[in-house]
Structure formats: C-alpha cells, structure tokens
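> Kindly return the folded structure for what I paste below:
(2 chains)
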Amino acid sequence: GAVVSQHPSWVICKSGTSVKIECRSLDFQATTMFWYRQFPKQSLMLMATSNEGSKATYEQGVEKDKFLINHASLTLSTLTVTSAHPEDSSFYICSARGGQRGQWDTQYFGPGTRLTVL
Amino acid sequence: GDSVTQMEGPVTLSEEAFLTINCTYTATGYPSLFWYVQYPGEGLQLLLKATKADDKGSNKGFEATYRKETTSFHLEKGSVQVSDSAVYFCALSEVWGGKLIFGQGTELSVKP
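From the prediction side, this is the model:
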C-alpha cells in the first residue's frame, strides 16, 4: 500500500511554455502533498506544501506565480511550471501524507519527473 | 534553522562489509528522524524511522538509533549486499507529519 505515482516521468519542452506534472496517491487519501526539487547529486529541497482544498504554502524563495500548485482532491495534486526556462530544468518529486493508521507522520514519495527545458 | 548533515559519499564497500553512514541534526524541538533510500531510477522509499529519543528504527537489516545526547541518527548494517547500492538520505521532521528537511544524501556502492 501507500503508492504514489507521477506523470509524466520525463518531459522536454521549449522555453516559454508551461508544463503540468501530476501526482496521485493510488491507494490512499492524501490530506497533504509536498513538492520537492532535486538537483543532480544534491538533496531534495521542499518547494511547497499543499492541503486538499486550500492554497499551497510555498517555501521562502519559491515563486508561487511560477510554480502553480493545485490540490483539488484527496488523491491528486498538480504542479504547473509556467513560462518554463532552462534554469527550471530539474527533477521534481512529490510526496503524500495520509493513509494508513500509524503512518500519518510518514511521507510516501512518487518516482519523480525529469523536466528539461530547451 | 533546522538542518541535517550526512557524511559525504560516495562510499564504496565490498559485499558483506559493515556499513555506517553518519547523520547528525540540528533542531529546536524534538523531531522525528527518518532514513530514506533512493535506488537508481526510482523514487525515495522510507527505510526506517524513529520518533523519540532512544528509539531504534530497523528494516531490511538496517538499523538506526535516535541519540538525543549526540543529536545523531547513524545508519548501520552488519553485512551489505550489492542490492543495497543506492543513495541514502537522512531527514527530520519537526512537526508531526510536517515537512521533511533532508541531508545531502550519501551514495553507497557495494562491489561483489
């Protein structure tokens, strides 16, 4: 149990276009989802926290107008990178919290989405 | 602010060797501590966790003990296998179920 999927697994886009990444909890209801960014050979940096039905909370330095997060249901959150530029190229990872009793403090991670902006 | 520091990698070991990956943390309160593992081409998986001082988390032969006095959560395994080759991340969460703060990750390579 506690499986999180992401789609797409990789995407290449042109500079100036927008890209949407989906994060789904497949077998549990995720009250909270998190979006991270991971640079090569580096750690994960939290971008934002989203609770179902409310606005996302962004970490300091993350542009909320650039990285739009929607958490419209208990099983789906989306991250839209608007007007993407090459510096937005990165590995984006989501995680979800919720589900089984006794595991509510545990985040379950998706496999990540590799974004390359040309 | 809160932070997590891990020993730098890559760590290269022979099969059946003993593994220790050091992790220390800085936190204002009493965080929960986690070890996550990322196998090549895959997402992070929770390996083990501990939620209070002196707790020992264990899974798949790996262990880590929450040491409040030394603010540490070192990962150990008595006999590593080639299949343990991965990147290991130490993390903390100050708020129950809240955001995770990760260390920089330690790459482990186990040779046959």
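
> What ranges does chain A have for its strands?
All strands of chain A, identified by DSSP state E, fall at A:4-7, A:10-13, A:19-25, A:30-38, A:44-51, A:57-58, A:67-73, A:76-81, A:90-98, A:107-109, A:113-117.

> B:A86 is nearest to which of these?
Closest to B:A86 of the strands of chain A is strand A:107-109 (Cβ to Cβ; 13.5 Å). From N, CA and C alone the C-beta is placed, and that goes for glycine too.

> can you tell me the average pLDDT over the closest one?
Throughout strand A:107-109, pLDDT has a mean value of 88.

> is chain B contacted by that strand?
Yes - judged by Cβ under 8 Å from any Cβ of the partner chain, strand A:107-109 comes into contact with chain B at A:107-109.

> dump the residue contacts of A:S18.
A:80-84 (Cβ atoms under 8 Å, 6 or more residues apart in numbering or on different chains).

> again, but for B:V110
Contacts for B:V110 (Cβ under 8 Å, 6+ apart) come out as B:12-15, B:17, B:80-85.

> again, but for B:K111
Here B:K111 is in contact with B:12-15, B:82 (Cβ under 8 Å, 6+ apart).

> Any figure for the gap between it and B:S14?
As judged by Cβ to Cβ, to the nearest Å, B:K111 and B:S14 stand 6 Å apart.

> Where does pLDDT dip in the chain?
By default, I'm working from chain A. Where chain A drops to pLDDT under 70, the residues are A:1, A:99-104.

> try again with chain B
Residue ranges of chain B with pLDDT under 70: B:96-97.

> Would you mind naming what in it lies close to chain A?
Residues of chain B lying near chain A (Cβ under 8 Å from any Cβ): B:32, B:34, B:36, B:42-46, B:49, B:51, B:89, B:93, B:96-105.

> and those, which are buried?
Neighbour counting with 16 or more other Cβ atoms under 10 Å in any protein chain shown marks B:32, B:34, B:36, B:43-44, B:46, B:49, B:89, B:93, B:98-105 as buried within the residues of chain B next to chain A.

> Which of the residues you listed fall within strands?
B:32, B:34, B:36, B:44, B:46, B:49, B:89, B:93, B:101-102.

> and which of the contacts of B:K111 is nearest to chain A?
B:T12 (15.9 Å; Cβ to the nearest Cβ).
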